[in-house]
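Q: Compute the structure for the input listed below.
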Amino acid sequence: MRLDDFDYPLPENLIATQPTPERTASQLLIVCRSSNKIEHKKFSDITEYLQKGDVLIINNTKVLKARLLGHRQTGGKAEALILQQSPENCAIVLIGTRGKVKKGEAFVFADGTIKLTTLEKDSIGRWKVAVEGDLNSALKNFGLVPLPPYITKKRRTKETTELDELRYQTVYATKNGSVAAPTAGLHFSQQLLKEIEKIGVEILPVTLHISYDTFRPVKVEKIEEHKMYSEYYEVSDDVTNRIFQAKQEGRRIIAVGTTSVRVLETIARTKCPKGWTDLFIYPPFEFKLVDCMLTNFHLPKSTLFILVCAFAGIDLIKHAYKEAIKNGYRFYSYGDAMLLL
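A: Okay, here's the model as predicted:
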C-alpha cells in the first residue's frame, strides 16, 4: 500500500497544545465497526460502552524527563532527547539544532554539567554520544517533559510546565522507560477507573516503553518497506494468563492505545511475555487478541494512524476523522479520543 493512502487534511487550529481542564473532559468519538455508526460523547461516558467481563488493557509505562536544553560548544542552541543510556559512559540520543551535526562535535547541556560528544549516527538519525558528567543527575535536576515538537513549536517555547509534568503522564504510570506518553490513557482519572471496575471490567497492565520508533516518520512510499526498530515490552505471567483466559471465554479485550495493541498482538504471536517487539501493524492484518480499541487522533501518514486503519478499515477511519474535524475535536497527544467497537 502507498503512504499517500494514509493522508488526510487537518486544520491547524485543531491541533491541541494544552490538556483539557480535567482528564475526563475530553470528547469521545464512538465508532461501531459493524454498523459504521458514529456517536459523539464525553470521555466520562465511556462507561456506557463497557460491560461486565470486559478486559481493559492499559500501558503502565512512565514518561521520563528525557529532554535537555543546551548549546553547541561553538554557541548555537541545541536540545537532546535521551533515548537510551549505554555502558561505558555512552548514550543514544536525538539532537536538535540549526545546521548539520557533525561526528566529533561537542554539545553542552544542563547548565554546563553535561557534555555530549557525537560518535556515530545510525540510519534513522539517532546519535551515539560519549557522555561527560552525571547524566542521571542532569536529567533529575534539569530534564524536561519530552513533549512532541509540534506542541513546543506552536507554543513558541521549548520549556515545559508543571501542568505538563502532571498531564503528560497517565495516572497509572509506574514503570520508568518512555520518551513519549501512551496518550490514549491520559483521559482516565483514578475516579473513572474505579467506576469502570465497579461495572465488572477487569483492568490489566502491560508495559511497552515508547521510544523513537513509535513516532518516527514513515519515509518510504510503500508502507510495507518501513522498518520498525525494537521497543521493550513486558507482561507478567499472571496478566498474560488472564488475557488468554478471557479471550478463550469470549470476553472482550479492549486495548487502551496503540502501544497496548502492539503488546497484545506481539504476545499473541510469540507467546513470549517479555522482550523486544518490532511489530509494524498495517492493512491487511489479522488481530488475534484485540476486540476493541481506545485511541487518540493521530498524525497523517504515521505508523499509529496506519495501525488504526488496519483495525477498522481506511474508509471508516477517514470518515470518522472527517466527522471529528467537522465537530471540532482536538487532535494528537493532548487531543480527544475515539473508541472503536
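Q: how near is the residue nearest to K103 when sequence neighbours are not counted to L69?
A: Leaving aside its chain neighbours, K103 sits nearest to T118 (5.5 Å; criterion: Cβ to Cβ, 6 or more residues apart in numbering). The C-beta positions use only the backbone N, C-alpha and C, and glycine is treated the same way. Between T118 and L69 the computed distance is 17 Å (Cβ to Cβ, to the nearest Å).
Q: With M338 instead?
A: Separation of M338 from L69 (Cβ to Cβ): 34 Å.
Q: and these two? which has more neighbours close in?
A: More crowded of M338 and L69, by other Cβ atoms under 10 Å: M338, with 26 against 17.
Q: Just the element for that one, please.
A: For M338, the host element (DSSP states H and E) is strand 337-340.
Q: tell me what that strand is packed against?
A: On a contact count with 3 or more Cβ pairs under 8 Å, 6 or more residues apart in numbering; DSSP states H and E, strand 337-340 meets strand 27-31, strand 292-296, helix 303-312.
Q: Can you say which of those is nearest to L10?
A: With Cβ to Cβ, the closest approach to L10 among the helices and strands packed on strand 337-340 belongs to helix 303-312: 10.9 Å.
Q: Put the alpha carbons of that closest one into PDB.
A: Provided in PDB are the C-alpha atoms of helix 303-312 (Å, rounded to 0.1, in the frame of the first residue of the first chain):
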ATOM      1  CA  THR A 303       2.500   4.300  11.900                       C
ATOM      2  CA  LEU A 304      -0.100   5.000  14.600                       C
ATOM      3  CA  PHE A 305      -2.700   6.200  12.000                       C
ATOM      4  CA  ILE A 306      -1.800   3.200   9.800                       C
ATOM      5  CA  LEU A 307      -2.400   0.800  12.700                       C
ATOM      6  CA  VAL A 308      -5.800   2.300  13.400                       C
ATOM      7  CA  CYS A 309      -6.700   1.900   9.700                       C
ATOM      8  CA  ALA A 310      -5.600  -1.700   9.900                       C
ATOM      9  CA  PHE A 311      -8.000  -2.300  12.800                       C
ATOM     10  CA  ALA A 312     -11.100  -0.500  11.400                       C
END
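Q: who touches that helix?
A: Helix 303-312 is touched from outside by 6, 31, 33, 214-216, 218, 223, 226, 228, 258, 261-262, 280-285, 287, 290, 293, 295, 298-299, 317, 320, 340, with contacts defined as Cβ atoms under 8 Å, 6 or more residues apart in numbering.
Q: what's the answer for stretch 248-255, then?
A: Identification of contacts with stretch 248-255 by Cβ under 8 Å, 6+ apart yields 50-51, 53-57, 243, 246-247, 261, 264, 289-294.
Q: What is the lowest-mean-pLDDT helix or strand in the chain packed up against?
A: Ranking every helix and strand in the chain by mean pLDDT, DSSP states H and E puts helix 212-215 at the bottom, with a mean of 82. Packing contacts for helix 212-215, counted by 3+ Cβ pairs under 8 Å, 6+ apart, involve helix 303-312.
Q: Which positions in the next helix or strand after the helix it packs on come out as buried?
A: Counting by DSSP H and E, the next helix or strand C-terminal to helix 303-312 is helix 314-326. Buried residues in helix 314-326, counted by 16 or more other Cβ atoms under 10 Å: I314, L316, I317, K318, A320, Y321, E323, A324, I325.
Q: and the second one, what does it touch?
A: With contacts defined as Cβ under 8 Å, 6+ apart, L316 is in contact with V31, R33, N36.
Q: can you tell me which of those residues lies nearest to L81?
A: Nearest to L81 among the contacts of L316: V31, at 33.2 Å, using Cβ to Cβ.
Q: Please, which helix or strand holds the nearest residue to R126 once chain neighbours are set aside?
A: Distances taken as Cβ to Cβ, 6+ apart place I92 nearest to R126, at 5.3 Å, with adjacent residues excluded. Taking DSSP H and E as the criterion, I92 maps to strand 90-97.
Q: Sheet partners, orientation included, of that strand?
A: strand 77-86 (antiparallel), strand 127-132 (antiparallel) (DSSP bridges).
Q: Please name whichever of these is nearest to N141.
A: With Cβ to Cβ, the closest approach to N141 among those belongs to strand 77-86: 13.7 Å.
Q: Kindly export that closest one (C-alpha atoms) in PDB.
A: Taking Å, rounded to 0.1, in the frame of the first residue of the first chain, the C-alpha atoms of strand 77-86 are listed here in PDB:
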ATOM      1  CA  LYS A  77      21.200  26.500  20.800                       C
ATOM      2  CA  ALA A  78      20.600  22.800  21.000                       C
ATOM      3  CA  GLU A  79      18.500  20.200  22.700                       C
ATOM      4  CA  ALA A  80      18.900  16.500  23.200                       C
ATOM      5  CA  LEU A  81      16.400  13.700  23.700                       C
ATOM      6  CA  ILE A  82      18.000  10.900  25.700                       C
ATOM      7  CA  LEU A  83      16.600   7.700  24.200                       C
ATOM      8  CA  GLN A  84      18.800   5.200  26.000                       C
ATOM      9  CA  GLN A  85      21.800   5.100  28.300                       C
ATOM     10  CA  SER A  86      24.500   2.700  27.300                       C
END
